[in-house]
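>>> Just a sequence and a predicted model for now, questions to come.
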Amino acid sequence: MKRAYNFNAGPAALPEWVLQEAKNSWMNFNDTGMSIMELSHRSKDYEDVHNEAKELLSSLLSIPEDYEILFLQGGASLQFTMLPMNLLEADKVGYYTLTGVWAEKALKEASKVGEAAACTSSKESNYTYIPALEEINVPDNAAYLHITSNNTIFGTQWQSFPTDLKVPLIADMSSDILSTPLDIKQFDVIYAGAQKNLGPSGVTVVIIKKELIKKDSSLPTMLSYETHASNNSLFNTPPTLAIYLLSLVLKWVKQNGGVEGIAAINNKKAQTLYNVIDESNGFYKGHAEKNSRSKMNVTFTLQTEEITKEFLQQAKEAGFIGLNGHRSVGGCRASIYNAVPLEHVQALAAFMENFQKNYK
Ligand code: PMP
């Protein structure tokens, strides 16, 4: 069976190997006579999967010992609330870099929990760029600085990160975690919904410095990082199927040269599409400024809405899925997460070149 050319923004393409592996054990996981979904989350068979997923993530990203990995639910969106509930002290302000709609949502939720404010914004340009690091001014009353490392909707990505901060650096990495090597020590909390680079929807990964995890009995039990950290993310029933699939995705990353190997292919994929845009003499126009371009979400428009519509229609007929831009940007977006094969990106590039050639 031919797999679809899937450029969805999330949930998104999963590696074929992962789907095959899951299929092979669908009815009988590890000779238990049950599927993974039917096992108790307190059973050894499930706990081995759970712990293996943690170990794989830890080794792929070289996560230091003084960080905790949590598997939570509620998506990255719940982290918009849970993070300030746990880290925003009453006399301090959570500062947010507004680089897109998800950052706006994170700030909005934090403002319901405590005091939060934007310390930089590229909203005036419809989020075409990431601010220069020297423009980010974190006031003394900060509890933390929050960034969105990749802006899924606008197709911009931080190329380097603030350093020498006096406060914790928090990153929403939902749409680029595991796409390129990271120095985890630069961050104090990283969170990501799984449904782009890590697996299916249903599990949210949080990587948090242990010293930030505090017992606070005033917090609702399920919304306290401490609850989950002190119970190996098994305080209540975890999303066992999603964590199993996460463990398979992590194995696949390992088999493909780890994060370095994946990053090399990601570079090629992004370059392939940006080359078509840059060599099109303005037929295709990238939304993001060149020095802020995302390697995960390539956003572009064509000269008029009519041509854009025609492009999307023909692309759909040719079997390319998910190329419509988000409604707040319009135009087109190709999401080329880790699991999207290079050949699919090359097929899209060829389609774009042909469309331009044939357009009268
Ligand atoms: N942050 C970013 C950067 C995202 O791309 C998304 C989802 N597209 C979210 C947060 C929200 O994630 P979820 O749907 O898992 O709550």
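Yep, it's here.
>>> list the contacts for the residue in the stretch 151-300 of the chain that the ligand sits nearest to?
The nearest approach of the stretch 151-300 of the chain to the ligand comes at Gly193, 2.8 Å away (CB to the nearest ligand atom). (Glycine included, C-beta is placed from N, CA and C.) Taking CB atoms under 8 Å, 6 or more residues apart in numbering, we find Gly193 in contact with Gly10, Gly75, Ala76, Ser77, Ser174, Ser201, Thr204.
>>> Could you report the neighbour count for the nearest residue to the fourth one once chain neighbours are set aside?
The one in question is Ser77. The shortest distance from Ser77 to any non-neighbouring residue, by CB to CB, 6 or more residues apart in numbering, is to Lys105 (7.1 Å). Lys105 is flanked by 15 other residues according to other CB atoms under 10 Å.
>>> Now name the helix or strand holding Lys105.
Using DSSP states H and E, Lys105 falls within helix 101-113.
>>> for Ala171, same thing?
strand 169-172.
>>> Put together JSON lines for the contacts of Gly193, with secondary structure and neighbour count on each row.
As requested, the contacts of Gly193 are exported to JSON lines (DSSP: H, G, I helix; E, B strand; the rest coil; neighbours: other CB atoms under 10 Å):
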{"residue": "Gly10", "secondary structure": "coil", "neighbour count": "19"}
{"residue": "Gly75", "secondary structure": "helix", "neighbour count": "18"}
{"residue": "Ala76", "secondary structure": "helix", "neighbour count": "25"}
{"residue": "Ser77", "secondary structure": "helix", "neighbour count": "16"}
{"residue": "Ser174", "secondary structure": "coil", "neighbour count": "27"}
{"residue": "Ser201", "secondary structure": "coil", "neighbour count": "16"}
{"residue": "Thr204", "secondary structure": "strand", "neighbour count": "25"}
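>>> So which of those residues reach the ligand?
For the ligand, the contacts drawn from those by CB under 6 Å from any ligand atom are Gly10, Gly75, Ala76, Ser77, Ser174.
>>> who touches the residue nearest to Leu98 when sequence neighbours are not counted in this structure?
Of all residues not flanking Leu98 in the chain, Ser121 sits nearest, at 3.7 Å (CB to CB, 6+ apart). Listed by CB under 8 Å, 6+ apart, the contact set of Ser121 reads Thr97, Leu98, Thr99, Pro131.
>>> looking at it, the last one is touching Ser125, isn't it?
Okay, so that is Pro131. No. The criterion here is CB atoms under 8 Å, and Pro131 misses it with Ser125 at 10.8 Å.
>>> Mind checking which of these two has more residues around it?
Per other CB under 10 Å, whichever of Pro131 and Ser125 has more neighbours is Pro131, with 18 against 11.
>>> That one: what secondary structure?
Here Pro131 takes the coil state, with states given by DSSP: H, G, I helix; E, B strand; the rest coil.
>>> cool, and Glu353?
helix.
>>> now Phe161
coil.
>>> What is the burial count for it?
For Phe161, the count of nearby residues is 16 (other CB under 10 Å).
>>> Enumerate the residues of the stretch 201-350 of the chain near the ligand.
Close to the ligand, as judged by CB under 6 Å from any ligand atom, the stretch 201-350 of the chain has no residues.
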